[in-house]
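> just need the structure, nothing else, for what follows:
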Amino acid sequence: MIRLKYLTIVNASLPRDRVPLPDDEVTFLPMERIGENGELDLSLVRPAKEISQGYTAMLDDDVVVAKITPCFENGKGALCEGLKGGLGFGTTELIVLRAKKQTNPRFLYWLTRSNEFRKWGEADMTGSAGQKRVTEDFVSNFRSAELSHSHQRRIAAYLDEQTAKIDRLMALRRRQMELLKEQRAAAIQQAVTRGLNPNAPMKDSGVPWLGEIPAHWELKSIKYIARICRGRFGHRPRTDPALYDGPYPFIQTGDVATANKYLTSYTQTLSEKGYHVSVEFPSGTLLITIAANIGDLAILSINACLPDSIVGLFPYAGTNVEFLYYQLSCLKYRLHALAPENTQKNLNIDRL
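Sure, this is the predicted structure:
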């Protein structure tokens, strides 16, 4: 085993022959231009005179590692390649590793991506909460296997190949998920607006976005098929700790957004005081968000209180709550058009 300080130069200064002239254009890398999977956005270029002072210098083939929390834990870091003129400057929240002659830069990059490096680095952080940083001393003294340059190169090439395969599979899976979501939305749209009989006689609904509907269907506003009740305004101010952390579930718009049709979990509760200035909605209520995440839907599977950013729908006799859920879910992207154009959008449920 060997310490990194014998394989690299940690936070090395620029060699004299690489110091840029004031008007030379160089790559600039603020933290947001450094990805969590080795990506670098090299599109930002600045004259050296603007950034050569007060920023961290790096060369092509240097490895950069974010040292501040949570960037370090999230994996921010990269192997520098393609810098403008082979030279760049970045945020001071970077540690720069310059490989020595016996060290392969790509192997060094993969070493800093390893779970051991990240885990022990996180444990060794110093500083106050929110401002913790990995120290240069930790990086310098981190131990690695002492391997020949050719062995390092083979390991790095293997990891390049395998991770590229995994990235391609992940991209393919994401595309498959997008197609499945489109297929799901199309199936819902067809069923709730056209019915199940493809040969049924059709008529114009009179609603531009809806188009034709089966001739025997009747068009009604939501208020004629369900009772509409908005969540209570009473829990103000929202920062009053006396209103929260009790035994009563209190649903947020984010809970509706993450529910998979049926809402069974929640992130906040009300105290006795909060409960008495709220209204409890029963299990089976159809929820629709009218602010923040406009148009998200879920069927409540527990008794819970709602804020005024959520509306509860209670279907009248003859209306199936699950059918109403699917009917409104296929219209979600259109619901935004029913919200007023101002900084605090709220869906006007009376227009449905």
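
> contacts, neighbours, all on C-alpha from now
Will do.

> show me where the stretch 1-150 of the chain has its helices.
Here the stretch 1-150 of the chain has its helices, by DSSP state H, counting those that start in this stretch, at 48-51, 105-113, 115-123, 136-141, 149-194.

> specify the angle between the last one and helix 105-113 in degrees.
Translated: helix 149-194. Helix 149-194 runs at 60 degrees relative to helix 105-113, counting by axes from the mean of the first three to the mean of the last three C-alpha atoms, to 10 degrees.

> mean neighbour count, mean pLDDT and distance to residue 28 added to the helices of the stretch 1-150 of the chain, as TSV?
Putting those into TSV (neighbours: other C-alpha atoms under 10 Å; pLDDT from 0 to 100; distance: least, C-alpha to C-alpha, whole Å) gives the following:
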stretch	mean neighbour count	mean pLDDT	distance to residue 28
helix 48-51	16	91	8
helix 105-113	21	96	20
helix 115-123	15	93	25
helix 136-141	16	94	22
helix 149-194	13	92	25
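
> including distance to residue 207, could those go into TSV?
Output for the helices of the stretch 1-150 of the chain, formatted as TSV (distance: least, C-alpha to C-alpha, whole Å):
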stretch	distance to residue 207
helix 48-51	58
helix 105-113	55
helix 115-123	57
helix 136-141	65
helix 149-194	12
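
> which one of the ones you listed lies closest to residue 322?
Among the helices of the stretch 1-150 of the chain, the nearest to residue 322 by C-alpha to C-alpha is helix 149-194 (11.1 Å).

> which SSE is immediately downstream of that closest one?
strand 202-204 (DSSP states H and E).

> for that next one, what is the average pLDDT?
Mean per-residue pLDDT for strand 202-204: 92.

> just the C-alpha atoms of stretch 83-96, please, in CSV.
The C-alpha coordinates for stretch 83-96 follow below in CSV (Å, rounded to 0.1, in the frame of the first residue of the first chain):
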residue,chain,number,x,y,z
LEU,A,83,-9.7,22.4,-21.1
LYS,A,84,-9.3,25.5,-23.2
GLY,A,85,-5.6,25.6,-24.0
GLY,A,86,-5.2,22.6,-21.6
LEU,A,87,-5.7,25.0,-18.7
GLY,A,88,-8.6,26.0,-16.4
PHE,A,89,-9.6,27.7,-13.2
GLY,A,90,-12.3,26.6,-10.9
THR,A,91,-14.0,27.1,-7.5
THR,A,92,-11.8,27.1,-4.4
GLU,A,93,-13.9,24.2,-3.1
LEU,A,94,-11.9,21.8,-5.2
ILE,A,95,-8.9,19.7,-4.4
VAL,A,96,-6.7,19.1,-7.4
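
> pull out the buried residues from that stretch.
83-84, 87-96 (16 or more other C-alpha atoms under 10 Å).

> for residue 257, grab the count of nearby residues.
18 (other C-alpha atoms under 10 Å).

> contact partners of the host helix or strand of residue 213?
Per DSSP H and E, residue 213 falls inside strand 212-214. When contacts are defined by C-alpha atoms under 8 Å, 6 or more residues apart in numbering, strand 212-214 is touched by residues 193-195, 200-205.

> could I get these in a markdown table, plus columns for distance to residue 44?
Formatted as a markdown table, the contacts of strand 212-214 follow (distance: C-alpha to C-alpha, whole Å):
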| residue | distance to residue 44 |
| --- | --- |
| 193 | 49 |
| 194 | 51 |
| 195 | 53 |
| 200 | 59 |
| 201 | 59 |
| 202 | 57 |
| 203 | 56 |
| 204 | 54 |
| 205 | 53 |
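
> which of these has the most neighbours?
residue 194 (20 neighbours).

> and the closest residue to it other than its chain neighbours, bridged to which residues?
Computed as C-alpha to C-alpha, 6 or more residues apart in numbering, the closest residue to residue 194 that is not its neighbour in sequence is residue 213, at 5.5 Å. Judged by DSSP bridges, the bridge partners of residue 213 are residue 203.

> same deal with residue 62?
residue 98.

> tell me the mean pLDDT for stretch 28-39?
93.
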